[in-house]
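Visitor: Predicted model, plus sequence, below.
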Amino acid sequence: MIRPDDLTGVDATLARRIIAVGRSIAPGIDNLAGDLREDALAILAGVAGEAKARGSRLVKSQRIGPASVDYTATASWFSEDDKNALRNLCVVTPSTQGPIGQFPAAGMVSRVWPELREC
């Protein structure tokens, strides 16, 4: 499980927000282990750095009168590359062993349309 203290250099509240958005992008992020987990943490740490900086590129609107600045949505901290990378880390690879289990015996349909066997 990815915890807020895994993202160093940002406060816990910001880390929780980043992790929550990361989970909405890639729900299996907490199940990662080993190098995949380290890759996910690297992506989240990069997003945390961007969110912490909050430079002029994240300003949505700005007023000078009663000084107000509106920032873009939290999810916009994640670039398309970040989102795709997180999703790809959580992709389940298909098994190469074939199906596992017992299947029903051939019935009347298989007598009319026999299945092709390549073995």
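Guide: Perfect, I can see it now.
Visitor: So which bits of the longest helix along the chain are buried?
Guide: Longest helix in the chain by number of residues (criterion: DSSP state H): helix 35-53. By 16 or more other CB atoms under 10 Å, the buried positions in helix 35-53 come out as 37, 40-41, 43-48, 50-51. C-beta: built from backbone N, CA, C; applies to glycine.
Visitor: I'd like to know which of these is nearest to Val21.
Guide: Of all the buried residues of helix 35-53, Val21 sits closest to Val47, with 8.3 Å by CB to CB.
Visitor: Could you check how far the closest one is from Gly107?
Guide: 55 Å (CB to CB, to the nearest Å).
Visitor: can you pull the contacts of Asp6?
Guide: Asp6 sits next to 15, 41, 44 when contact means CB atoms under 8 Å, 6 or more residues apart in numbering.
Visitor: thinking the first one is in contact with Leu7, fair?
Guide: Yes - taking CB atoms under 8 Å as the contact criterion, Ala15 and Leu7 are neighbours in contact, 4.3 Å apart.
Visitor: shared neighbours of those two, which are they?
Guide: Ala48.
Visitor: how about the helices in this protein?
Guide: 12-25, 35-53, 80-89, 108-112.
Visitor: and of those, who's closest to Arg3?
Guide: That would be, of the helices of the chain and by CB to CB, helix 12-25, which comes in at 7.9 Å.
Visitor: Measure how buried Trp77 is and give me the count.
Guide: For Trp77, the count of nearby residues is 23 (other CB atoms under 10 Å).
Visitor: what residues are up against it?
Guide: Trp77 touches 18, 21, 47, 50-51, 58, counting by CB under 8 Å, 6+ apart.
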